[in-house]
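Engineer: no sequence on this one, just coordinates:
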């Protein structure tokens, strides 16, 4: 807030901040969308104004008080019952307000509640309450412009509280703080207190201080004040004076409600501002309202427009604490500041439209805009890695022990490459690659797995080398000593070289130091240059980005060719260090991928090259160009060998497509297509399974020409499908047990079929069949064993192919295998299903033969198959139906028998009872025929009543009675 | 066909498109041609007389490809608005709109009987639409491509698509199998030889590759032109003796089919040649370019 505007009164409604509006709008939109209202009451949540879930207290409802946070009940509102009869006339009840009030409301209304009377109202609460009620009443009578209840601050109790009275009697004066402000007044106050005590004890009513007295005391104090300046009265001031309202917030609004720290901040800042600005406001108000600040006494009863003293003014901030001594210091300092600043301020306010008004130069409710932070001049927008190249500590850390390279050549290459990269790009690269290849078994050496020691050694070597290079680059050819140093260190290193570099010792003796250096860099990558020779130059993985491609090529050259790396090799572009590291990773990955593809061939070639060239390291270097040319040719060849690559998949045209193309649907009547894996990764993973058959197939296709005969076609297809199936099985092994479980334990086949994914739509039938067989076996009692038996039985001698298939290693439970074979033989051995389905293998084998024959007729195959499908399904279902019906029959019969038993027992008991009865009645019945009749009838009645709800029992009874009758007749 | 019979002389320039012309195609008998472009229109021309016959407007974005039925009664077009429009040629009305591609549609073709339309989209799918029924749902979606499908060709029994994933995939409806020929380079256009035995694929490494369809073996590679970032068409001449294609520098190349030597090369347009179409019978060719013109070339 600007200092010269803070005391102005602002008229009109300030324009709301944009974000406030938007937030409110959002809220209203959210409300309008009816998100909450759409929910049923038991799902709604009651939140407080800050969006937290309202907690009613652990013992009073928790998160849900009342009936789902409402005042209702489960039954809802029940209307009063109204009954009126001739005898009992209902009265016309006169309802009054008490019928609708709660207990506490009633007590409140009747004023029965306990409370301190106004006389003994120590803190004035009751008085304040009364005053508030009065104010409310007034407000209702005379509606004001400001709606809502009157703020408490404006309503002041009219009566004195007992505490004030006591204080006054103890000598406290209004407007003074309750303390002994200085030693001088100690005596006085004591005297006054004594006086007050005397007065209090003598007559309560007389000594009551009135307002006029109060005023007198004020006058007194104000008169006294100028006289004895040194004797300063510290005055108590009402809270609203201590904390005058200076902001533009609404009454009662506390912006620092939840952030009291900021209140202190603001206060301190304001008080700084305040000092100069205060005096101007004072003088201005003088002119405006003509109040004399000196005349108005402090304390209670100061009007809103009245001026207050300079001394009171700056008490805030510490005013709550009456014992604070800082207050006084501030007071003492105040006047000087006021006089200093008075002149310029007065001048400054002349330019208003109205006297006392001026146009705000800066409105408070502007959106605050923050300038972007200024970038320091020496800031370089490139991140420097904390420990990229450990140039300094190269001799500090001892070299890791020399370790023989891992026997896996590929691994060795990889480690070498990574070590080189890490040495070049810094530690970050290592971290990155470790992170990226966490799950890659090849990269375990990074995390301390296989080959870690070698990696550590390699890394150290590379770092050494790198340091040498950088030093060379830095020093140039300035000092021979330096070079000697590097040569020495290098010599030391050479002594520790792995075997592969022994050739360099020869050349080093011949060549000059510099060339040694270069050769060193070159020749230690001999093995890699071989691999590079295989790299296809045409393969451009970053074709879309020529710059990147260029970098990649350079990278490849560096990686595989060696040579003194140009200093700007990586820094040519304006890439950040991190981006570069990432790119290197990419390059590495790509190069590796390319290299891997050729590893098989390369190994041969590389060994040849090694034997041929390695004896003379220098020659390799000189003849590099030629070699390269040759390599390029080789690369071309290899790429030509690689591409184009043909793959075959099953593809199922939709029937309508076939129809529109006027072709017969090749999949007519066949099960729906097997979903193919989407990503290339998946196909790669399962390549091992699928590659061989496809290749076979391919050669078949080549041999047979473009349009193979239907026969071969069908074969092809079948083979093709098998490959698919194999792949498929691999995938599904994982989920099979669950499905089986489902299939076994959920008995409703239809439901199950519905619950399957559309992906697996093709299987449910089979699954169900499996399930049925499984069910049968379960019923039989020995599930797994029988399955194993079936496995043994199921391979028929007529189908050697199937035998071979069965031998193919398939991981999984026997159940899996069953499923696999079922699916694997969708073509030839559709009937195989039958072997699993019926409960007795004999009939199945018979069936199998029959279908096998039918299978050999290709023309009818489809139709046959469909029939068989149907047949295959039907027996199982029939079987199952049978079994179920049987079981149900069984159950029923069992039940029946049980019931029978019950009945019989019932009847027995009945009989026995009857017997007794009869016996009983027999004894006297002969004499009293009528009475017996009566009793029996009554008993019958009784029985009927008892068993009204169970007809069977009543039936039993009836039967029992019949029997009785018979007996009676017999009797 | 003699080498001198190659259409190298500019016969007519068809002007009218505002902005780039993205495709120009002869109709079945070669008497008319269709063009479409960035101005969201499809235009029907008589290229031999240089007459603009009709304009078809309905597309909301650029029109990328257009094809006409063998009986010249219907058009199919596709473009950046993800829709495929099925037009009546004579009235110029849209008979049907096929919506379903998730992204721009790159190419579209009728089948032989004009009963089915196959479209190739940026959404990595080939979609087959039925022209006979009133359904606007695709009757088949082929989504085995790994990247944008740039071009589609149809034979009597097969659907062939070329994709940026570097594959040319042949979907044989009769056998129900998919043959994927991975060329290793993004394919932006494929065209069938007139005998139907070979596919000419234009790859983004500035190479045209001729593939044997039955074996998938590469037969020849044609280089010299520039094709690195634009969809540039290529095709074989009507006798299958030469291969022709446009270059991004605006020139047209003719290669000998067998020995892959550049037989002829001339500057045809001032900007990228987007499309070439060879007359089915005569030695005549139309080319379209980003410069907004369609040029008719004759011997």
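Structural biologist: Done, it's in. What you see is a predicted model, and the numbers here were worked out from it, not measured in a lab. Residues are numbered from 1 along each chain as shown, chains lettered A, B, ... in the order given.
Engineer: residues in contact with residue B:150?
Structural biologist: Contact analysis of residue B:150 by Cβ atoms under 8 Å, 6 or more residues apart in numbering or on different chains lists B:106-107, B:120, B:162-164, B:186-189, B:231. For every residue, glycine as well, the C-beta is placed using N, CA and C.
Engineer: Looking at those, spot the one nearest chain A.
Structural biologist: residue B:186 (7.8 Å; Cβ to the nearest Cβ).
Engineer: quick one, phi/psi of the closest one?
Structural biologist: Dihedral pair for residue B:186: phi -60, psi 130, per degrees, to the nearest 10.
Engineer: Repeat that for residue A:590.
Structural biologist: phi -60, psi -50.
Engineer: same check, this time on residue A:46
Structural biologist: Dihedral pair for residue A:46: phi -90, psi 130, per degrees, to the nearest 10.
Engineer: Per-residue pLDDT of it, please?
Structural biologist: At residue A:46, the pLDDT value in this model is 70.
Engineer: just checking, it touches residue A:62?
Structural biologist: No: assessed by Cβ atoms under 8 Å, residue A:46 is found out of contact with residue A:62, at 11.5 Å.
Engineer: okay, the two: which has more neighbours?
Structural biologist: residue A:46 (16 against 10; other Cβ atoms under 10 Å in any protein chain shown).
Engineer: what's the next secondary structure element after the helix or strand hosting residue B:85?
Structural biologist: Residue B:85 belongs to strand B:83-88 when assigned by DSSP states H and E. Toward the C-terminus, strand B:83-88 is succeeded by strand B:94-99 as the next helix or strand (DSSP H and E).
Engineer: who are the neighbours of that following strand, in terms of helices and strands?
Structural biologist: Packed against strand B:94-99 by the contact rule (3 or more Cβ pairs under 8 Å, 6 or more residues apart in numbering or on different chains; DSSP states H and E) you find strand B:83-88.
Engineer: which parts of the strand it packs on are buried?
Structural biologist: The neighbour-count check on strand B:83-88 (16 or more other Cβ atoms under 10 Å in any protein chain shown) flags B:83-87 as buried.
Engineer: between the residues you listed, which is nearest chain A?
Structural biologist: residue B:86 (14.4 Å).
Engineer: which non-adjacent residue is nearest the closest one?
Structural biologist: Among residues not flanking residue B:86 along the chain, residue B:96 sits closest, at 4.2 Å (Cβ to Cβ, 6 or more residues apart in numbering or on different chains).
Engineer: Is the one you found in contact with residue B:137, as I believe?
Structural biologist: No: counting by Cβ under 8 Å, residue B:96 sits too far from residue B:137 to count as a contact (11.5 Å).
Engineer: Comparing these two, which residue is more hemmed in?
Structural biologist: For residue B:96 versus residue B:137, neighbours defined as other Cβ under 10 Å are more numerous around residue B:96 (20 against 12).
Engineer: Against residue A:660, how distant is that one?
Structural biologist: Per Cβ to Cβ, to the nearest Å, residue B:96 is found 15 Å from residue A:660.
Engineer: Residue 54: what's it in contact with?
Structural biologist: No chain specified, so I'll use chain A. Contacts of residue A:54 by Cβ under 8 Å, 6+ apart are A:45-48, A:63, A:69.
Engineer: was after chain B, sorry
Structural biologist: B:43-44, B:89, B:92.
Engineer: Give me the pLDDT for residue A:266.
Structural biologist: pLDDT, residue A:266: 75.
Engineer: I meant residue A:68, not that one.
Structural biologist: Reported pLDDT for residue A:68: 68.
Engineer: which parts of the stretch 151-299 of chain B sit against chain A?
Structural biologist: Residues of the stretch 151-299 of chain B lying close to chain A by Cβ under 8 Å from any Cβ of the partner chain are B:156-157, B:168, B:171-186, B:204-205, B:209, B:211, B:213-218, B:228.
Engineer: Sort out which of those are buried, if you could.
Structural biologist: By 16+ other Cβ under 10 Å, these give B:157, B:168, B:171-186, B:204-205, B:209, B:211, B:213, B:215-216, B:218, B:228 as buried.
Engineer: and those residues, which of them are in strands?
Structural biologist: Using DSSP state E, the subset of those located in strands is B:168, B:171-172, B:177-182, B:209, B:211, B:218.
Engineer: so which two of the residues you listed are the farthest from each other?
Structural biologist: Among these, the pair separated by the greatest distance (Cβ to Cβ) is B:177 and B:209, at 22.1 Å.
Engineer: Give me the distance between the residue nearest to residue B:251 when sequence neighbours are not counted and chain A.
Structural biologist: The shortest distance from residue B:251 to any non-neighbouring residue, by Cβ to Cβ, 6+ apart, is to residue B:267 (4.9 Å). Per Cβ to the nearest Cβ, to the nearest Å, residue B:267 is found 24 Å from chain A.
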